[in-house]
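Q: Predicted model, plus sequence, below.
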Amino acid sequence: MKCQSDNQTLAVIPALHQCGGKVTCSIQLITDSQVWIETFPAEKFSRKNKCIDIGRNHFSLYGMELSIHTEELAVEGRLSYGALTPLKYDIMGPFSLVPFMECRHSVWSMQHSVFGRIMLNGESYEFEHALGYWEGDRGYSFPKKYVWTHCFFRGGSLMLSVAEIPVLGFPFIGKSISFTGVIGIVWWRGKEFRFATYLGARVVENADGRLRVVQKGMELEVRLLETGGYPLKAPELGNMVRTIHESASCRAFYRLHIQGESVFAFETERSSFEYEYS
């Protein structure tokens, strides 16, 4: 659940993890310059549809309430959402029906308004007419290699992910083949432009932070213009033991061409990015 104003970013990840009969839950908080991870016992977690409670922290279609007080972390506040912008259909398309996939992605809202204030270790995060984005993942592992990015821009919001997807056998028995999967949405001026493997999207460039995806007369180019990122925990065979790196707000370039004509091209310092290709 990403919230972003002109000068501040706060992303919050509530999660439930299960491995070997052991169940825990956590909340990760990511800002422009820091990351915090707080773990809770399983009994603190409850969920009904898209409403999640972890202790005194509440997440729903209408916003979030945060209340965490430990030696290292003091968080208190409430954020309210405006109307969500859901996709026309599941971002996974027909792959949502494929069994045994290691990770399934969801996008609940490409853009919505955010109002409210969160106090985090004495710093005030003020959101007034700010923007929000909401997505989620389910599964036992993140892809071994992947790129994910999200960015708000004038008139819209975009998300793109490219990943190596195993399709035969299971990684934990050492036998699998894989393909490069693409999912992405450019939500611009109220229209949805979707990039996906199941619609014919393919990657024509992926190196040194630069990514180009083409699909039926459309081309989306993404460039990460700075290195870095802050450590987050991600699942590996069910355990939250993998460390990935995300920049909640960094410098990047985006360009969309349709039928050879430039729809937009811009550079921003407010991009969110994970680049997990070695």
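A: All right, it came through fine.
Q: just for the stretch 51-200 of the chain, where's the confidence low?
A: 168-176 (pLDDT under 70).
Q: residue ranges for the strands of it, please.
A: 51-54, 57-60, 63-69, 74-81, 103-120, 123-139, 146-153, 156-166, 178-188, 191-196 (DSSP state E, counting those that start in this stretch).
Q: Alpha carbons only: can I get the last one in PDB?
A: Written as PDB, here are the backbone C-alpha positions of strand 191-196 (Å, rounded to 0.1, in the frame of the first residue of the first chain):
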ATOM      1  CA  LYS A 191      -7.700   4.400 -20.100                       C
ATOM      2  CA  GLU A 192      -6.000   1.100 -19.400                       C
ATOM      3  CA  PHE A 193      -3.200  -0.100 -21.600                       C
ATOM      4  CA  ARG A 194      -2.200  -3.600 -20.600                       C
ATOM      5  CA  PHE A 195       1.100  -5.400 -21.300                       C
ATOM      6  CA  ALA A 196       1.100  -9.100 -20.600                       C
END
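Q: Report the strands that pair with the following helix or strand past it, each with its relative direction.
A: Once strand 191-196 ends, the next helix or strand along the chain (criterion: DSSP states H and E) is strand 202-207. When pairing is defined by DSSP bridges, strand 202-207 lines up against strand 210-215 (antiparallel).
Q: Contacts only, for the nearest residue to Gly260 once chain neighbours are set aside.
A: Counting by C-beta to C-beta, 6 or more residues apart in numbering, Gly217 is the residue found nearest to Gly260 once chain neighbours are left out, at 7.8 Å. Glycine gets a C-beta too; all of them are placed from N, C-alpha and C. By C-beta atoms under 8 Å, 6 or more residues apart in numbering, the residues touching Gly217 are Ile258, Gln259, Gly260.
Q: tell me, how many neighbours does the last one end up with?
A: Right, Gly260. 7 (other C-beta atoms under 10 Å).
Q: Next, it: phi, psi?
A: Main-chain dihedrals, Gly260, degrees, to the nearest 10: phi 80, psi 0.
Q: any idea how far it is from Gly156?
A: The spacing between Gly260 and Gly156, counted by C-beta to C-beta, to the nearest Å, is 21 Å.
Q: ditto for Ala15
A: Counting by C-beta to C-beta - Ala15 and Gly156 are separated by 28 Å.
Q: starting at the chain centroid, how far to stretch 68-82?
A: Relative to the centre of its chain, stretch 68-82 is centred 20 Å away, using C-alpha atoms, centre = their mean, to the nearest Å.
Q: sorry, that was for stretch 147-157
A: 11 Å.
Q: Can you list the neighbours in contact with that stretch?
A: Under C-beta under 8 Å, 6+ apart, the answer for stretch 147-157 is 2, 4, 85, 110-111, 131, 133, 135, 158-163, 186-189, 206, 211, 222, 224, 252, 254, 264, 266, 268, 270-277.
Q: One more: stretch 196-208?
A: Stretch 196-208 has contacts (C-beta under 8 Å, 6+ apart) with 91, 93-95, 147, 162, 179-184, 195, 211-216, 277.
Q: List buried residues within the residues you listed.
A: 91, 95, 147, 162, 180-184, 195, 211-215 (16 or more other C-beta atoms under 10 Å).
Q: Out of these, which two are the most distant from each other?
A: Phe95 and Arg212 (22.0 Å; C-beta to C-beta).
Q: Wait, Gly116 touches Gly63, no?
A: Yes. The criterion here is C-beta atoms under 8 Å, and Gly116 meets it with Gly63 at 6.9 Å.
Q: what sits in contact with each of these two?
A: Going by C-beta under 8 Å, 6+ apart, residues that sit against Gly116 and also against Gly63 are Arg78, Leu79, Ser80.
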